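Undergrad: give me coordinates for this.
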Amino acid sequence: MPEKLEIIAKPCNSATCPTIYKDEQGRFFIQGTQLQTADRQDVALGEGEAIVEIDSSLLESLRSL
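TA: Here you go, the predicted structure:
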């Protein structure tokens with residue numbers, strides 16, 4: 001579990017906005033809407049894994065870094 005997350009990209013000022021974070025070890029974390037996979041046959045996830053939607057505005061904000 002990371003001790004501190006630094007905001008790398010966030011396209012809005014809302015607390016619930018899609019966000020990319022980086023921790024002190026150089027790992028990246030994505031905040032987004034979780035895909036509901038309970039009824040999907042095309043997605044296999046391991047324990048503790050989730051698929052999140054990455055808004056295109058979040059990816060666009062990375063270009064300015």
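
Undergrad: for the most centrally placed residue in the chain, name its beta-bridge partners.
TA: For the chain, Ile30 is the residue whose C-alpha lies nearest the centre (Cα atoms, centre = their mean; 1.5 Å). Judged by DSSP bridges, the bridge partners of Ile30 are Ile20.

Undergrad: tell me who's in contact with it.
TA: Pro18, Thr19, Ile20, Tyr21, Val52, Ile54 (Cβ atoms under 8 Å, 6 or more residues apart in numbering). C-beta coordinates here come from the backbone N, C-alpha and C atoms, glycine included.

Undergrad: how near is it to Asp39?
TA: Shown here: Ile30 relative to Asp39, a distance of 23 Å by Cβ to Cβ, to the nearest Å.

Undergrad: then Ala15?
TA: Shown here: Ala15 relative to Asp39, a distance of 30 Å by Cβ to Cβ.

Undergrad: what's the burial count for the closest residue to Lys10 other than its chain neighbours?
TA: Closest residue to Lys10 apart from its sequence neighbours, by Cβ to Cβ, 6 or more residues apart in numbering: Thr19 at 4.5 Å. By the criterion of other Cβ atoms under 10 Å, Thr19 has 21 neighbours.

Undergrad: return the helix or strand in the chain with minimum mean pLDDT.
TA: None of the helices or strands of the chain scores lower by mean pLDDT, DSSP states H and E than helix 56-62, at a mean of 84.

Undergrad: same for it, what does it pack against?
TA: strand 5-9, strand 19-23 (3 or more Cβ pairs under 8 Å, 6 or more residues apart in numbering; DSSP states H and E).

Undergrad: let me know the outermost residue of this structure.
TA: Gln41 (22.7 Å).

Undergrad: just to revisit the earlier point, wait, the residue nearest to Lys10 sits on Ala9?
TA: Yes. Thr19 is within contact range of Ala9, at 6.9 Å (criterion: Cβ atoms under 8 Å).
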